[in-house]
Structure formats: C-alpha cells, structure tokens
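Asker: Task: produce atomic coordinates for the following.
(one chain, ligands or ions: 1)
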Amino acid sequence: MRGKLMVGNWKMNGSLAANASLVTDLLAGMADVKCRAAVCVPSVYLAQMHSLLAGSSIDLGAQDVSVYASGAYTGEVSADMLRDFAVRYCIVGHSERRQYHGESDVTVASKAQRALAAGITPIVCVGESLAERDAGQTEAVVKRQLAAVIHANGHCISEIVVAYEPVWAIGSGLTATPEQAQHVHAVLRAQLQAATAHADRVSILYGGSMNAANAAELLAQPDVDGGLIGGAALKAPDFLSMLKTASR
Ligand code: PGA
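Answerer: Residues are numbered from 1 along each chain as shown. So this is what the prediction gives:
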C-alpha cells in the first residue's frame, strides 16, 4: 500500500546558511523516520540542496515548473532543468500560485504533464476558499481542479500525488478537522478511482496549518496519506516530530 509521505514546502524562505543549518538538523534526526520525506525548496537553492541531500533519505522537491519545455520564457524553470538536480517531486497549482499568479486549472494540468514527462512526480494542490466552503461548493471546486489534471494526463494519473489544501487553512493556524479532511480526501479518491484502476497508489496529502500537535489525528484518517507542510517544516524539531508521527 501507499505508506505515508511528508513534504515540507519551504515557500519563499531560506538562505544558504539557514538551509544548511535546517538540513543538518533534519539529517541528524532521520534514523527513526520510516515514512517517505521530501523538501520543496526555492529553485535557486536546488543545487545546494541536491548536494546536501545526496545519499540521504530526504528527497528533493521544487515548488513550481514551467508549462514550456525551453526557450524565450524569462524567469521560468523547465522540468528538464529540475531533473538535472535529481528533483523527485514538484508542487503544481499551489493556491498561492493560483491566487497571485493567476494560474488556471488548465495551466496547472499542463505543469503536471511537464513534470510527469520529465519523470518528476507532480504534487497537485487543490482546495477551496472560505467563501466557497461557506457556499457549499467545496466538493465541486476540488473536483473541478482535479478533473483538469485527470483530463490532461490520462493513464499517467496514478503517478501523481494530490494535496488537499483548504485555502482558509494555509498559514492561518486554522486546520481542517480530521473529519473535514477525510471527507474531501474520500471524494478525491473516488474521483481518481473513476479514472484509473490504480487509484489506491495515489498519495493524497493534507496541507494547511498541519503541525506537530495536530498531525497524528489527521494522519490517522484512512485517506490521509501524509502532509504538505509549510510553516512547521521550517523548524527542524517540529518537522522531525511530524515525520516520526507519520512513521508509526
Ligand atoms: P502551512 O502551509 O503549513 O504554513 O499552512 C502549507 C502549504 O501552503 O503548503
């Protein structure tokens, strides 16, 4: 079966010195960690992290990828470039990119396609805003977001990771209850089951103010296969504690 996957999303945080210190502390605590672990770092630090994580049990991830293969797209980073640094995962469609960079469902689906073609596992983020939840649209929103990725990626869909991140829970200190998370995860699992015979292989992560105190009850839900963790992944003791919880 799937086993838990815990992914740190560093967002636009870090420095050469801070990254080195964080990773040194993480690597020192990995002996008891049995779950899969990864950190998604700003692209300028991929070379540094590629070298620091080499041979370790922490996989390297990126936070975004271009929809284009190469060429005149100033500021963009291609999937093949990520591959040069042994990037294993790439977040696509994070709500901050949907919100601040206008990424549509179709754009997110193309990014997932680029990652898959380069042998990188896309971590496809879906999630509703508070207004959408209050209007009873949660299921419709996450299903629409995932449907675009299923449509564009056909039989490869069993190779993706999905992250359910309610927008109202990200960085807010508000977490979905375990029941709320499980409900949406089950909806997403059913949608994947309708698209592939291998839906059981797809890890569905929860993200949104997951921390060392609430991780255990979220991870206990049958369809919560791990976490996508922002703020708490920047503190080595907190992230390690969550990795150990996920290893039980
Ligand atoms: P958070 O961020 O854990 O700080 O809420 C999660 C995310 O945005 O991936």
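Asker: From now on I want contacts and neighbour counts done on CA atoms only, so please keep to that.
Answerer: OK.
Asker: gap between stretch 110-118 and the chain center?
Answerer: Once both centres are worked out by CA atoms, centre = their mean, to the nearest Å, stretch 110-118 turns out to sit 15 Å from its chain's centre.
Asker: Relative to its centre, which residue of the protein is most distant?
Answerer: Farthest-out residue of the chain from its mean C-alpha position, per CA atoms, centre = their mean: A72, at 28.0 Å.
Asker: what's the helix or strand for that one?
Answerer: For A72, there is no helix or strand it lies in under DSSP states H and E.
Asker: Just say helix, strand or coil for Q145.
Answerer: Assigned by DSSP: H, G, I helix; E, B strand; the rest coil, the conformation of Q145 is helix.
Asker: which stretches of this protein form helices?
Answerer: Along the chain, the stretches classed as helices by DSSP state H are 16-28, 46-53, 79-84, 95-100, 105-117, 130-134, 138-153, 178-195, 215-219, 236-246.
Asker: So in terms of bridging, what pairs with the residue nearest the centre of the chain?
Answerer: Note on the chain: the residue nearest the mean C-alpha position is I123, at 4.4 Å, using CA atoms, centre = their mean. Under DSSP bridges, the beta-bridge partners of I123 are I91, V161.
Asker: residues in contact with it?
Answerer: With contact taken as CA atoms under 8 Å, 6 or more residues apart in numbering, I123 is in contact with 89-92, 112, 160-163.
Asker: can you do 7 Å?
Answerer: The contact partners of I123, taken as CA atoms under 7 Å, 6 or more residues apart in numbering, are 89-92, 160-163.
Asker: Are any of those residues buried, and if so which?
Answerer: Among the contacts of I123, those classed as buried by neighbour count (16 or more other CA atoms under 10 Å) are 89-92, 160-163.
Asker: still on that earlier bit, can you lay out the contacts of I123 as TSV showing pLDDT?
Answerer: Written out in TSV, the entries for the contacts of I123 read as follows (pLDDT from 0 to 100):
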residue	pLDDT
Y89	98
C90	98
I91	98
V92	98
I160	97
V161	98
V162	98
A163	98
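Asker: hmm, back to that, next one: the residue farthest from the centre of the chain from the ligand, what distance?
Answerer: Using CA to the nearest ligand atom, to the nearest Å, A72 is found at 29 Å from the ligand.
Asker: Also L234?
Answerer: Here the distance between L234 and the ligand works out to 9 Å (CA to the nearest ligand atom).
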